[in-house]
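Asks: what would the 3D arrangement of this be:
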Amino acid sequence: MQWQLLKPLLAVLITGFFLASLTNAWLAIVTARANESARINELSASLQKASFPLNASVFKQLEELTGARFVALAAPSSSQNSISYQSPQLSDETGQLIVKFFHLVRLSSRPQNIHSGGENWLTRTIERPVGLPQGPASQLIILLPVESWQSLWWRTAFPPVLAGTLAAFVCVVVVIWISRRLTGPLLDVASQTTQIAQGNLSLLPVPHRNDEIRDLIVNVNSMSQELVQLHQSIRHGEQLRTLGQLGAGFAHQLRNAALGARMALEFSERGDSSSSDNESVQIALAQLQRMELYLDRFLRLSRPDRAHSTEENSGHVSPSQTMIRLGGLADGVLQLIEPLARHRHVELHKDTSTFWEVEVQGDLVALEQMLSNVVINALEAASSMASVSEVSDQLAASSRFEPSVVLKCLAADHDVEISVCDNGPGPPANVQETLFQPFVTTRPEGCGLGLSVAQEIATGHGGEITWSRQQEPDGTMWTIFRIRLKKQR
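Replies: Residues are numbered from 1 along each chain as shown. Down below sits the predicted model:
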């Protein structure tokens, strides 16, 4: 901003002084030349009519009074002009020059300029003045010393140029001081706005002066205070929203655990031959223990001193992690969900031919929750196949449709993949793009949090969940959810 102020001011200042110097020098030269011409014309007119004799003593007195020099020419009997008088102050070179160019000088009635001997002269010729002895060619040449135009130019132009230079220097100093006084607070405001954009909402000191800069700083500080309040409000709202989603997710898990426990107890009460009473009670107790863990984790996350944890992760993954064998993880989940699978008449099993001995590092409770959500989602999809139009195509090829959910495990160099496969109809087209977003569901009794929570847990372990549809050679369509996690080396 300093140069933005300096450039136009210096341009105007320098241009103004340059034009003033030129004008002053030109007027001085014109005035000086006019005065010199007037002096020599007045002197010429006086001598032209002089009644006293023009001899050497008179010329000397005139030279002392006027500063002029005189050359008297007479040629009574020769075609060559001869000098009858020459001022002693004139050099012989100047005298010879006067004689040489006498005819040229005599032809002009106006004063002429002659340069000789390093001096400039303004000359005027008087034809036969009264005071000179009359002869055939009596002439009087008046020479008035004049200042050269270069000297006049320097003498008249230098003072304005010097004054302009000093004024420009003073102007630069004043403009720099003013611009720094203006740009300093503006740079502080610019820096503060940059810091505000980066999240630093500290306030600027308000200057004592009363001007637009002070008003700008006051407005920026007011904006910072409003942003602080807005940020706190948004932060509080985000915490409430996160806790709300956590509460809904934990409620979803509690409902699944309660449903599993109820199913196990109902089978035990009916005396189902596929499982003993002791096994059903153990499953119910395991589900109740999971409910207790979910509630304890939710209560710990809800404490004010742990509110920051909802910003660092999803809240479903605990910082304390252990080594987990995927085969044991899958067996535990299948055991807990098996009553629900029997209730929905879905065949649920683990493909033992795959790599279940691989270990990963993570939160056991969270990984169980993740796998349970994906498997329960597959169970519900497979059990709903009878009510979907795709059933008719498969019933035509088979006398009886058997809904199935299969768990597989594949290992790569750095990752491990758990595949949950079901022969249900697959996600509807209207939810395929938002399948892992919260509260996205197609079932009236669903809350749309199972897959969302599962994806958050997978992300918290450095992995992800994807899905696809795949057709087997026998024509069966499978929906495959692939859970990718980092393998422990």
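
Asks: okay, the residue positioned nearest the centre of the chain: pLDDT?
Replies: Central residue check for the chain by CA atoms, centre = their mean: the C-alpha nearest the mean position is that of T194, 9.1 Å away. Per-residue confidence for T194 comes out at a pLDDT of 77.

Asks: quick one: it from S384, how far?
Replies: Noted for T194: a distance of 56 Å to S384, by CB to CB, to the nearest Å. (C-beta placed from N, C-alpha, C; glycine too.)

Asks: quick one on the thing from earlier: quick one, phi/psi of the residue nearest to the centre of the chain?
Replies: phi -60, psi -40 (degrees, to the nearest 10).

Asks: and the gap between it and S202?
Replies: 12 Å.

Asks: what does R155 give?
Replies: For R155, the distance to S202 - CB to CB - is 62 Å.

Asks: ranges for the helices of the stretch 1-150 of the chain?
Replies: 2-48, 56-66, 92-100, 102-107, 149-197 (DSSP state H, counting those that start in this stretch).

Asks: do the same with the stretch 351-489 of the chain
Replies: 364-383, 390-397, 450-460.

Asks: in the first one, which residues are buried?
Replies: Pointing back at helix 364-383 there. 364-383 (16 or more other CB atoms under 10 Å).

Asks: include distance to R342 when you put the helices of the stretch 1-150 of the chain into a markdown table, please.
Replies: Output for the helices of the stretch 1-150 of the chain, formatted as a markdown table (distance: least, CB to CB, whole Å):
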| stretch | distance to R342 |
| --- | --- |
| helix 2-48 | 82 |
| helix 56-66 | 141 |
| helix 92-100 | 138 |
| helix 102-107 | 138 |
| helix 149-197 | 59 |
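
Asks: could you tell me the least trusted of these?
Replies: helix 102-107 (a mean of 54).

Asks: mind checking which of the helices of the stretch 351-489 of the chain is nearest K408?
Replies: helix 364-383 (12.2 Å; CB to CB).

Asks: surely L54 meets L140?
Replies: Yes. With contact defined as CB atoms under 8 Å, L54 reaches L140; the gap is 6.9 Å.

Asks: for those two, indicate the residue with more neighbours.
Replies: The residue with more neighbours, out of L54 and L140, is L140; 25 against 21, by other CB atoms under 10 Å.

Asks: number of residues surrounding the closest residue to that one other than its chain neighbours?
Replies: Closest residue in space to L140, ignoring its immediate chain neighbours: I126 at 4.3 Å, by CB to CB, 6 or more residues apart in numbering. Residues lying near I126 (other CB under 10 Å) number 22.

Asks: residues touching I126, list them.
Replies: 44, 47-48, 139-142 (CB atoms under 8 Å, 6 or more residues apart in numbering).

Asks: buried ones only from those residues, please, as a ChimeraX command.
Replies: Remark: buried members of the contacts of I126, expressed as a ChimeraX selection using 16+ other CB under 10 Å:
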select :44,47,139,140,141,142
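
Asks: if we can go back for a sec, more neighbours: R155 and S202, which one.
Replies: R155 (14 against 10).

Asks: isn't A25 up against W153?
Replies: Yes. Applying CB under 8 Å, one finds A25 in contact with W153, separated by 5.0 Å.

Asks: lowest-confidence helix or strand of the protein?
Replies: For the chain, counting by mean pLDDT, DSSP states H and E, helix 309-312 ranks last in confidence among helices and strands (a mean of 44).

Asks: buried residues, the helix or strand following it. List them.
Replies: As assigned by DSSP states H and E, the chain's next helix or strand after helix 309-312 is strand 322-325. Of all the residues in strand 322-325, those buried under the rule 16+ other CB under 10 Å are I324.

Asks: could I have the CA atoms of strand 322-325 written out in PDB?
Replies: Extracted C-alpha coordinates of strand 322-325, given in PDB (Å, rounded to 0.1, in the frame of the first residue of the first chain):
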ATOM      1  CA  THR A 322      -5.800 -56.700  22.000                       C
ATOM      2  CA  MET A 323      -4.800 -59.400  19.500                       C
ATOM      3  CA  ILE A 324      -7.900 -61.200  18.200                       C
ATOM      4  CA  ARG A 325      -8.100 -64.400  16.200                       C
END
